[in-house]
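1. okay, predicted coordinates and the sequence, questions at the end:
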Amino acid sequence: VAMPGDARGLYRRILLLHRALPAALRALGDRYVKEEFRKHKTAGPAEAQRFLREWEASARRPAGNYAALIQQQINEDKQNSREKTVYGIQLTEEKLNDFHDEQIGQLKELMDEATKPKTKITISKDSKHKT
């Protein structure tokens, strides 16, 4: 059974890892992680174990887990100062077929958020601050 401390420690590690990501990815990742961990606070033991396993970084596990994968990609980014690092992985059709409708919806929301045009805010020198 997953211990609450295990989840909190993992949650903190992931948010610390996100600090090394580009600002837009960090903001998106932080929101997503916070939402997912909040949703799984009341999960049963089996679901909690599966959830933590997918997010956990561990030397005993392959780099397919989120925290381990992000750590590996951050390390690669530090070593490859000339090339731009691509974060994340491509999901296979087989993996997508295993997702529930709700998960597909979440992926769509993430894709929409990640690919929406960046808005720039321009502040003119003429504007006056009101307090």
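-> Ah, there it is. Residues are numbered from 1 along each chain as shown.
2. so where is this protein shaky, pLDDT-wise?
-> The chain contains residues with pLDDT under 70 at 1-4, 57-64, 118-131.
3. mind running it again at 90?
-> Low-confidence segments of the chain (pLDDT under 90): 1-10, 21-25, 28-29, 32, 35-36, 39-131.
4. SS state for Gly88?
-> coil (DSSP: H, G, I helix; E, B strand; the rest coil).
5. so who does the residue most central in space within the chain touch?
-> By Cα atoms, centre = their mean, the chain has its centre lying nearest to Gly29, at 3.7 Å. Contacts here follow Cβ atoms under 8 Å, 6 or more residues apart in numbering; on that basis Gly29 touches 14, 18, 21. C-beta coordinates here come from the backbone N, C-alpha and C atoms, glycine included.
6. list the contacts of the last one.
-> Contacts here follow Cβ under 8 Å, 6+ apart; on that basis Leu21 touches 29, 70, 74, 87.
7. could you flag which of these are buried?
-> 29, 70, 74 (16 or more other Cβ atoms under 10 Å).
8. quick check, nearest of those to Thr92?
-> Using Cβ to Cβ, Ile70 is the member of the buried ones among the contacts of Leu21 that sits closest to Thr92, with 19.1 Å.
9. ignoring the adjacent residues along the chain, who's closest to that closest one?
-> Nearest residue to Ile70 in three dimensions, chain neighbours excluded: Leu17, at 5.0 Å (Cβ to Cβ, 6 or more residues apart in numbering).
10. please enumerate residues in contact with the helix or strand hosting the one you found?
-> In this assignment (DSSP states H and E), Leu17 forms part of helix 4-18. By Cβ under 8 Å, 6+ apart, the surrounding residues in contact with helix 4-18 are 25-26, 29-30, 33, 37, 40, 48, 52, 55-57, 66-67, 70-71, 74.
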